[in-house]
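**Student:** Fold the following and give me the result.
(chains A, B and C)
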Amino acid sequence: MERAVFYLNNIHLDTSESKIPTLKLFGKTEDGKKVCAITSKVKDYLWVVTNANIKELENYELETHEGLCTVEKVVIKEKMLDGQKVMAAQVWVNNPKLTGYLGSVLRKTEKFSQVYEDDIPFIQKYIIDHDLKSFSKVAVTGNKIPRTGFKVDELIQMREIENANGETAKPVVLAFDIETYNPRKEVFVRGNEIIMISFKSSKGFSKVITWKKFEGGENVEFVEDEKALIQKFFKTLKEIGPDVLVGFNSDAFDIPSIMDRAKKFGVKQVAGLDGTGFKVVRSSSGPAIWINGITHIDLYPFFSRTMADRLKTDIMSLNRISKEVLNQSKKSLDYEKINELWASDNPKDICEYCLTDAELTLKLFEKIFPVMMEFSKTVQQQVFKTCRATYGNLVEDYLLKENPNFNELRKRKPSKEEFIKRRKTSFKGGYVHEPKPGLYQNLAVFDFKSLYPSIIISHNISPSSLMKGKKEDGHAVPEEDYWFAKKPVGMIPKILEELVNRRIGIKRIMKDVDVKSSQHAILDARQYSLKIIANSFYGYLGFPKSRWYSIKCAKAVTSFGRDYIKKIIEQSKKAGFEVVYADTDSVFIYKKKSVFRSARKTYEKFLKQINESLHGFMKMDFEGLYKKGLFISKKSDLVGAKKKYALLDEHGNLVIKGFEYVRRDWSPLAKKIQLKVLKKVLAENASKNAVKLVKNELKKLRLGKTPLKELIISVQLKKKLENYSSIGPHVAAAMKAEKKGYFINPGMLVQFIIIKGEGSVSEKAFIYEQVKKEDLKYDPEYYVYKQVLPSVKRILDALNVKEEKYLSSQSKEDLTSFIK
DNA sequence: ACATACCGGGG
DNA sequence: GTGTACGGTATGT
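**Tutor:** Residues are numbered from 1 along each chain as shown, chains lettered A, B, ... in the order given. Now for the predicted structure:
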């Protein structure tokens, strides 16, 4: 027997080789040796709540197409279910893959229909039950066995495993990026050549590999052809032997591309430490790529959901995130230029571009990894899973992990029918005070500190306390006829309170730590992970897929919340402030004729007054002071749109939320004008210039002088042409193009122009190439009224600029004649 | 009014 | 595996 202590990298249950699943744990020792521990002797369990004689269960056997499922042991225990004591049988199963199936069979029986915990993924239970953590030490006992096929230093037939605590490992990281040649504008991976791959490692490895030779590139290595490039990718992965492979959108783009090309050239994928290739697994953000023994991190899902609230940018591209987080931009090179350079055998600039992307990816990873790790530790799941999780997943994982401390049976996920039923049930959300469109000066934003968590804790909002005891003794819900008992404290408020208290404790410690130290960064990451999870409890209660879903609890939370925010609005008005906008837990207020310099003092004084009037646990924070705020109206409504505003902060940064200029199905012209107008209005303080700009652009457009390229609308063709039941403009354009002999393929990006003529938008849509070749004229009317106007109208409306000012003083009819 | 289809990230 | 993101918008029918 041997004992090996190593940092755990990843765990999974492998069913590829035989019907008996093998548990594989990968990691590395302190001195950097790679280890894999395997075992096929893992047992899983489920719970059955029953008063029936359990003898029948003890020797239960079930034939399945995946082998025999046998019950190996049954243990009776007293458990809690919704705060009530129940007798339950813990049923141990020989094969973890069959637990769910056994559960579904038992559920159909009369005696054993109340089945629990059969739907918790085995690995998740295993990690919780063995107290394991990503990149933390584990101690394994077992026998060394021959390493046949494994790319590790040691392979162990595992008997036992335990958490060995201690420091977490600093992983060896390899960041990568690919470039593809895509002259036919297919958006998706199929059929596109990979022309180069770049690498940057945490150990200083830096290289671009490509298959067209040129003079004088730095860190460039040339290979014979694309096949050799793909082979080189796997070879490099093996040579560097990273603990973490990181990309940006690599789940959806880089790795699927590599897999696709490897298949085409018959290159065997050897990525995992057991010689296996990439594996496509389901994650809550869509398909994800798993590698045995290496943690694959895709930065995109983590930034675009978990970190989104912390970023100013609304656009989650590598460039924008790098700019904000690292203060470093991508090399600018648009994809048409990439195609052009490659076609003309001049890939040098592409190489530099590619390497910069890998470098930014590595830097972003290094910056954000502590945060990912804190999330992973907090919910006790593998970082692979946590960094792709939705808020709901994080709460659910946290509850699954904390729940055993309460001896409660963990709830099941809803059935399909239940899910559909829940989804139909809507309820009133937070209170929204619609903004009056306009540009405001010196705005203050206050928000309740953890409004919903505070409400849940202080009103004991929990399924187990719902309508227990007498109404007079409980917390009555505003506008509703139900209540929550004050005691005993329910599982959800209890877990949440512990979480909030932990965060308070961390924040207290942080005060005495140097802001620039790495310890501070870690503590900040930890408190942030706790904050995100705490703030998501409410959403979780009302999320139809939740195990601990409770519509009454969710309703109660928003009901209390509306009560609180309305009181703040009233108080603000009484104190002589104008309330511009309020949403759920925040208010945007201002005072007419205020001066920026003195505004902060005024607001701070008022905030203090608010806080003095609030009960103990409720508190409002000063979220920010903005020099300017632009609120715009809904499309055709008088009241303003929700979450659509642009702010200019104290340092002159623009914060733009919810404007459409980011989308590719808008013409570059509309996007460009919208952004310019916003900048002029907010940053340059010149709405006159904005009007002038719009006027000029419209004039150009009407004279037919706008370059065609600026008018291209790009929409992806997602299906075969014959499968469309509704023929939208991109489909119609593609159909016409195909008849003319153009290459049309599902997956491609249809770039079209709306041309002059009669009929619907679809009838007037033609692909860009055809418009160019046949010298068709674009339709100024369409671009004026369907592209440019919608993008700026609401902004200028908010500033009380009348349409005529920029559209023209002439009538529409006159304009049409003008165009002719 | 309702249904359908697409956006995001990546080249 | 019981479910496969989601909220917003334009255009067709």
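**Student:** Chain A against DNA strand B: which residues are in contact?
**Tutor:** A:177-180, A:182, A:185-188, A:248-249, A:252-253, A:300, A:304, A:315-319, A:335, A:338, A:357, A:662-665, A:714-719, A:724-726, A:728, A:730-731, A:749 (Cβ under 7 Å from any atom of the strand). From N, CA and C alone the C-beta is placed, and that goes for glycine too.
**Student:** what's the nearest residue to the closest residue to DNA strand C within the stretch 201-350 of chain A if we skip its chain neighbours?
**Tutor:** Per Cβ to the nearest atom of the strand, residue A:282 is where the stretch 201-350 of chain A lies closest to DNA strand C, at 4.3 Å. Among residues not flanking residue A:282 along the chain, residue A:288 sits closest, at 7.3 Å (Cβ to Cβ, 6 or more residues apart in numbering).
**Student:** Give me the distance between the closest residue to DNA strand B within the stretch 51-200 of chain A and residue A:333.
**Tutor:** Per Cβ to the nearest atom of the strand, residue A:179 is where the stretch 51-200 of chain A lies closest to DNA strand B, at 3.7 Å. Computed as Cβ to Cβ, to the nearest Å, the residue A:179 to residue A:333 distance reads 9 Å.
**Student:** Overlap in contacts, these two.
**Tutor:** Common neighbours of residue A:179 and residue A:333, counting by Cβ atoms under 8 Å, 6 or more residues apart in numbering, are A:350, A:353.
**Student:** Neighbour count: the two, which is higher?
**Tutor:** Remark: of residue A:179 and residue A:333, residue A:179 carries more neighbours, 26 against 16, as counted by other Cβ atoms under 10 Å.
**Student:** got the contact list for the more buried one?
**Tutor:** Counted by Cβ under 8 Å, 6+ apart, residue A:179 has contacts A:194, A:195, A:196, A:197, A:338, A:350, A:353, A:354.
**Student:** who's in contact with the fourth one?
**Tutor:** For residue A:197, the residues meeting the contact criterion (Cβ under 8 Å, 6+ apart) are A:176, A:177, A:178, A:179, A:208, A:209, A:210, A:229, A:232, A:233, A:258, A:354.
**Student:** how about the third one, secondary structure?
**Tutor:** Three-state secondary structure (criterion: DSSP: H, G, I helix; E, B strand; the rest coil) places residue A:178 in strand.
**Student:** roughly how far apart are it and residue A:790?
**Tutor:** From residue A:178 to residue A:790 the distance is 36 Å (Cβ to Cβ).
**Student:** Looking at those two, which one has more neighbours?
**Tutor:** Counted by other Cβ under 10 Å, residue A:178 and residue A:790 do not tie: residue A:178 has more neighbours, with 23 against 14.
**Student:** Show me what that one is bridged to.
**Tutor:** Note on residue A:178: beta-bridge partners by DSSP bridges are residue A:197.
**Student:** are any of the contacts of residue A:179 buried, and which?
**Tutor:** Among those, the ones that count as buried by 16 or more other Cβ atoms under 10 Å are A:194, A:195, A:196, A:197, A:338, A:350, A:353, A:354.
**Student:** can you tell me which helix in chain A is longest?
**Tutor:** Using DSSP state H to define each element, chain A has its longest helix at helix A:348-379.
**Student:** Could you look up the next helix or strand downstream of that helix?
**Tutor:** Note on helix A:348-379: by DSSP states H and E, the next helix or strand toward the C-terminus is helix A:383-386.
**Student:** Who are the packing partners of that next one?
**Tutor:** Contacting helix A:383-386 under the criterion 3 or more Cβ pairs under 8 Å, 6 or more residues apart in numbering; DSSP states H and E are the following elements: strand A:295-298, helix A:348-379, helix A:391-402.
**Student:** mind listing what residue A:619 touches?
**Tutor:** Neighbours of residue A:619 in contact, by Cβ under 8 Å, 6+ apart: A:448, A:449, A:611.
**Student:** Residue A:26 now?
**Tutor:** By Cβ under 8 Å, 6+ apart, the neighbours of residue A:26 are A:8, A:9, A:10, A:11, A:34, A:35, A:36, A:152, A:273, A:292, A:293, A:294.
**Student:** One more: residue A:234?
**Tutor:** A:262, A:267, A:269, A:270, A:271.
**Student:** again, but for residue A:147
**Tutor:** Contacts of residue A:147 by Cβ under 8 Å, 6+ apart are A:153, A:154, A:155.
**Student:** Among those, name the buried ones.
**Tutor:** Using 16+ other Cβ under 10 Å, the buried members of the contacts of residue A:147 are A:154, A:155.
**Student:** Give me the subset of the contacts of residue A:147 that lies in helices.
**Tutor:** Checked against DSSP H, those include nothing in helices.
**Student:** What's the local residue count around the closest residue to residue A:425 other than its chain neighbours?
**Tutor:** Leaving aside its sequence neighbours, residue A:425 sits nearest to residue A:551 (Cβ to Cβ, 6+ apart; 5.7 Å). Neighbours of residue A:551 under the rule other Cβ under 10 Å: 14.
**Student:** Look up how far DNA strand B lies from the residue nearest the centre of chain A.
**Tutor:** Centroid-nearest residue in chain A, with Cα atoms, centre = their mean: residue A:305, separated by 2.9 Å. Residue A:305 sits at a distance of 10 Å from DNA strand B (criterion: Cβ to the nearest atom of the strand, to the nearest Å).
**Student:** Near DNA strand C, which residues of the stretch 651-800 of chain A? Just list them.
**Tutor:** A:660, A:726, A:727, A:728, A:729, A:732, A:760, A:761, A:762, A:763, A:786, A:790.
**Student:** what sits against the residue nearest to the fourth one when sequence neighbours are not counted?
**Tutor:** On the basis of Cβ to Cβ, 6+ apart, the spatially nearest residue to residue A:728 that is not a chain neighbour turns out to be residue A:762, at 6.3 Å. Neighbour list for residue A:762: A:727, A:728, A:729, A:731, A:732, A:733 [criterion: Cβ under 8 Å, 6+ apart].
**Student:** same deal with residue A:307?
**Tutor:** Neighbours of residue A:307 in contact, by Cβ under 8 Å, 6+ apart: A:368, A:371.
**Student:** at 10 Å what do you get?
**Tutor:** A:299, A:301, A:316, A:321, A:325, A:368, A:371, A:372, A:387, A:528, A:532 (Cβ atoms under 10 Å, 6 or more residues apart in numbering).
**Student:** what number of residues lie near the last one?
**Tutor:** Spelled out, it's residue A:532. 21.
**Student:** got it, and the fourth one?
**Tutor:** Neighbours of residue A:321 under the rule other Cβ under 10 Å: 22.
**Student:** The fifth one now?
**Tutor:** Residue A:325 is flanked by 18 other residues according to other Cβ under 10 Å.
**Student:** Wait, it touches residue A:319, no?
**Tutor:** No. In this structure, residue A:325 is not within contact of residue A:319 by Cβ atoms under 10 Å, at 11.2 Å.
**Student:** joint contacts of the two?
**Tutor:** With Cβ under 10 Å, 6+ apart, residue A:325 and residue A:319 have common neighbours A:313, A:360.
**Student:** how about the helices of the stretch 151-300 of chain A, start to end?
**Tutor:** A:226-240, A:255-265, A:299-301 (DSSP state H, counting those that start in this stretch).
**Student:** Point out where chain A drops to low pLDDT.
**Tutor:** Chain A contains residues with pLDDT under 70 at A:185-191, A:616, A:633-643, A:660-662, A:685, A:808-820.
**Student:** With DNA strand B as the reference, measure out to the closest residue to DNA strand C within the stretch 401-550 of chain A.
**Tutor:** Distances between the stretch 401-550 of chain A and DNA strand C by Cβ to the nearest atom of the strand are smallest at residue A:416, namely 2.3 Å. Distance, residue A:416 to DNA strand B, using Cβ to the nearest atom of the strand: 20 Å.
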